[in-house]
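Chemist: Provide a 3D model corresponding to the input given below.
(one chain, ligands or ions: 1)
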Amino acid sequence: MKGFTKWVSIENGLNNEKYSRLADTDETVLKNSNGVKWCLRCERVYKVGSFKYDANDSNEKPRIYCPYKDCDGDYWIDGWEWLHVAALNNYPSTPELGEKYSLWPRQ
Ligand SMILES: [Zn+2]
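Modeler: Alright, predicted model coming up:
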């Protein structure tokens with residue numbers, strides 16, 4: 001049985017120990033996507049290195065998630081490079097944080 005979840009939110013946590021283990025995979029996002037990731041689950045953007053994790057996750061490499069409280073998207077799996085999404089939809093290269101940008105918006 002899974003214990004209860006105790007979320008901890010991290011902002012600008014590029015040097016946070018929970019993040020740094022895989023930080024190199026975000027380097028291209030930092031360089032090419034203005035430091036912004038886009039979440040496949042909630043379709044909002046957030047800054048690279050901002051995430052949340054479960055304080056009760058005792059794994060050596062705890063899973064980290066999309067930073068928005070109402071979203072359970074995975075930081076690494078669901079967090080895409082913003083410029084890919086922007087190019088598909090003519091979205092601005094610098095998006096508004098917290099704004100929803102649909103991958104396939106209704107025309
Ligand atoms: Zn999300």
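Chemist: Up against the ion, what does the chain have?
Modeler: Counting by CB under 5 Å from the ion, the residues of the chain close to the ion are Cys39, Arg41, Cys42, Cys66, Tyr68, Cys71, Gly73. From N, CA and C alone the C-beta is placed, and that goes for glycine too.
Chemist: lowest average confidence, helix or strand, in the chain?
Modeler: helix 27-32 (a mean of 81; mean pLDDT, DSSP states H and E).
Chemist: which stretches of this protein form strands?
Modeler: 7-10, 36-39, 45-47, 51-54, 64-65, 79-81 (DSSP state E).
Chemist: Please identify the pairing partners of the second one and their relative orientation?
Modeler: Taking DSSP bridges as the criterion, strand 36-39 forms sheet pairs with strand 45-47 (antiparallel), strand 79-81 (antiparallel).
Chemist: Can you add distance to Tyr53, mean pLDDT and mean neighbour count and give the ones you listed back as CSV?
Modeler: Converted to CSV, the strands paired with strand 36-39 look like this (distance: least, CB to CB, whole Å; pLDDT from 0 to 100; neighbours: other CB atoms under 10 Å):
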stretch, distance to Tyr53, mean pLDDT, mean neighbour count
strand 45-47, 14, 95, 22
strand 79-81, 14, 93, 21
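Chemist: For Tyr101, which of these is the nearest?
Modeler: Each of the strands paired with strand 36-39 has some distance to Tyr101 by CB to CB; the shortest is strand 45-47, at 6.7 Å.
Chemist: So which residues of this structure form helices?
Modeler: Taking DSSP state H as the criterion, the chain carries its helices at 17-20, 27-32, 82-89.
Chemist: Can you say which of those helices is packed in most?
Modeler: helix 82-89 (a mean of 16; mean count of other CB atoms under 10 Å).
Chemist: ok so, going back, output the strands of the chain as a markdown table; include the columns distance to Tyr91.
Modeler: As requested, those are exported to a markdown table (distance: least, CB to CB, whole Å):
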| stretch | distance to Tyr91 |
| --- | --- |
| strand 7-10 | 25 |
| strand 36-39 | 9 |
| strand 45-47 | 9 |
| strand 51-54 | 22 |
| strand 64-65 | 23 |
| strand 79-81 | 12 |
